[in-house]
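Participant: build the 3D model from these lines:
(one chain, ligands or ions: 1)
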Amino acid sequence: MLKYLMFYEDRGIEIQYAEGQYVWDSNGRRYLDEHTGHGVAFLGHRHPHVVKSIVEQLSSVSILSTAFRCRVRDEMLDVVSKIVPNKFEYIYLLNSGSEAVEFSLKVARKATNRKKIIYFTNSFHGRTFGALSVTSNSKYRKGFEPLLPETHQLRYNDLSELDNAIDEDVAAIIVELIQGEGGVNIASREFILTLREKTIEKGALLIIDEIQTGFGRTGTTWLFEQYGIIPDILLAGKSIGGGFPVSAVFIPGDIVSKLEPGSHGSTYGGNPVACAAVKASVEVLINEVVPQQAGIKGFKLIEKLRDNLKKYRIVKEVRGVGLMIGVDLRVEPTKIIRCLQDNGLLALKAGLTVLRLLPPYTINDDDIMFTVSRIEGCISSQFSS
Ligand SMILES: Cc1ncc(COP(=O)(O)O)c(C=O)c1O
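Facilitator: As a prediction, this is how the structure comes out:
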């Protein structure tokens, strides 16, 4: 029999059922899911409105080239227009975050007729060749070089290098407002405002990767809103399909005018089922006031974690925005993540020392208390205060 090629560590449990913020294993054991498939199930698992929309679409037209029109695409365009600034006249759907990153890098080079791309330390933008070229972690890059030429790494949140590095040769800067995989590192306001200012001044494009931060997780639909800027290209993924694999690239008309037929394409990108998933997910986002709920619940969870964990020397810092949360430890968090799983809470790692929580917005007060008590329990059982 074939074996599945594993790049993630085997978590040792078989998940049989998922609903809302919970999953159940093959022994019928329930877990509060704050792993959410790397942050995808932010609307909760199998949100009924999303499931209904996908099933209905599957029963009429499930696959179609974007060369053909279909009503669900128009409906999707109509509803998504409500959650992005007017600056973005175009959306292009792809199937994964990495593909959205790839496309944005291509667009930047084509539209500016420049080659240089700037990215930052601790960035994560994906593992395909282009996305990997702007992902800093040497663990992911090693053995795959040479990567894309003319990609340059600068220090995240460090303004000192920007003046020299951002010149008229730069096609684009790609940045996460909170680095998810890199350690739940939050960009300073000054850093992002400077990037916005300098890219405008030099005619470079600012690509903001909101594949993890976007779609309400941080308390606003997009995190860039909290910085008071608008990027030139916006990338979304993970939760925008409510669990269906889809990503989106938002682009202004003047940039699109520099592209031509053949500049890009995708067999599956923008298929009717993906359109149905995005349409329904945005409806949920709007109707259930998801960003506000995530903001309120995230604030509560972060405050409680800070209060309860401050007495443990092993805890360096609790940081996050909305429901994107990191508990930075003085140790590698794998043992704690395993202990949490044994105690009914699924979480994941970020950077080298961060326990990362990416809960669905559907978590309730009991789930918040459960999260805090389980994390405190695992920390105190493994490390005395
Ligand atoms: C910020 C960011 N960009 C890009 C990606 C890549 O997305 P995917 O794994 O869907 O290709 C990820 C995935 O974790 C991400 O967090």
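
Participant: any idea which residue of this structure lies closest to the ligand?
Facilitator: Here the chain gets closest to the ligand at one residue, Gly97, 2.2 Å apart by C-beta to the nearest ligand atom. (Each C-beta comes from the backbone N, C-alpha and C, glycine too.)

Participant: near the ligand, which residues of the stretch 101-250 of the chain?
Facilitator: Val101, Phe124, His125, Gly126, Glu176, Gly180, Glu181, Asp209, Ile211, Gln212, Gly237 (C-beta under 6 Å from any ligand atom).

Participant: what subset of the residues you listed is buried?
Facilitator: Val101, Phe124, His125, Gly126, Glu176, Gly180, Glu181, Asp209, Ile211, Gln212, Gly237 (16 or more other C-beta atoms under 10 Å).

Participant: leaving out the residues flanking it, which one is nearest to the fourth one?
Facilitator: By the measure of C-beta to C-beta, 6 or more residues apart in numbering, the closest residue to Gly126 outside its immediate chain neighbours is Ser98, 3.0 Å from it.

Participant: need phi/psi at the one you found.
Facilitator: The phi and psi torsions at Ser98 (degrees, to the nearest 10) take the values phi -60, psi -40.

Participant: residue contacts, Gln89?
Facilitator: Quick fix: residue 89 is Glu, not Gln. Shown in contact with Glu89 (C-beta atoms under 8 Å, 6 or more residues apart in numbering): Ile251, Pro252, Gly253, Val256.

Participant: surely the first one touches Ala100?
Facilitator: No. Between Ile251 and Ala100 there is no contact under C-beta atoms under 8 Å: 11.0 Å.

Participant: which of these two has more neighbours?
Facilitator: Ala100 (30 against 22; other C-beta atoms under 10 Å).

Participant: surely that one and Leu235 touch.
Facilitator: Yes. Counting by C-beta under 8 Å, Ala100 does reach Leu235; the two are 4.7 Å apart.

Participant: now for those two: what residues contact both?
Facilitator: Counting by C-beta under 8 Å, 6+ apart, the residues touching both Ala100 and Leu235 are Ile211, Ser247, Ala248, Val249.

Participant: one step back: which of the contacts of Glu89 count as buried?
Facilitator: Applying 16+ other C-beta under 10 Å to the contacts of Glu89 flags Ile251, Pro252 as buried.

Participant: what's the farthest-apart pair in the contacts of Glu89?
Facilitator: Greatest spatial distance in these: Ile251 and Gly253, 8.0 Å, computed using C-beta to C-beta.

Participant: overlap in contacts of those two?
Facilitator: Between them, Ile251 and Gly253 share the contacting residues Glu89, Tyr90, judged by C-beta under 8 Å, 6+ apart.

Participant: where do the strands sit along the stretch 201-350 of the chain?
Facilitator: For the stretch 201-350 of the chain, applying DSSP state E, counting those that start in this stretch gives strands covering 205-209, 233-236, 247-251, 315-321, 324-329, 345-346, 348-350.

Participant: coming back round to it: in a markdown table: the residues of the stretch 101-250 of the chain next to the ligand, plus pLDDT and distance to Asp307.
Facilitator: Shown next, in a markdown table, are those (pLDDT from 0 to 100; distance: C-beta to C-beta, whole Å):
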| residue | pLDDT | distance to Asp307 |
| --- | --- | --- |
| Val101 | 99 | 37 |
| Phe124 | 98 | 30 |
| His125 | 98 | 34 |
| Gly126 | 98 | 36 |
| Glu176 | 99 | 28 |
| Gly180 | 98 | 24 |
| Glu181 | 97 | 27 |
| Asp209 | 99 | 32 |
| Ile211 | 98 | 31 |
| Gln212 | 98 | 26 |
| Gly237 | 98 | 33 |
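
Participant: ok, residues contacting the lengthiest helix in the chain?
Facilitator: Using DSSP state H, we find that the single longest helix of the chain is helix 290-309. For helix 290-309, contacts defined as C-beta under 8 Å, 6+ apart pick out 42-43, 215-221, 284-285, 315, 318-325, 327, 357, 359, 361, 363, 365, 368-369, 371-372, 375-376, 379.

Participant: hmm, 7 Å instead?
Facilitator: The contact list for helix 290-309 (C-beta atoms under 7 Å, 6 or more residues apart in numbering) reads 216-217, 219-221, 284, 315, 318, 320-323, 325, 327, 361, 363, 368, 371-372, 375-376, 379.

Participant: now stretch 343-352
Facilitator: By C-beta under 7 Å, 6+ apart, stretch 343-352 touches 30-35, 122, 180-184, 326, 332-334, 337, 340, 355-357, 371, 374, 377-378.

Participant: narrow those residues to those that are buried.
Facilitator: Neighbour-count burial (16+ other C-beta under 10 Å) applied to the contacts of stretch 343-352 gives 31-35, 122, 180-184, 326, 333, 337, 340, 355-357, 371, 374, 378.

Participant: what residues does the most centrally placed residue in the chain make contact with?
Facilitator: Nearest to the mean C-alpha position of the chain, by C-alpha atoms, centre = their mean, lies Gln212 at 1.2 Å. Applying C-beta under 7 Å, 6+ apart, we find Gln212 in contact with Gly39, Gly180, Lys238, Met324.
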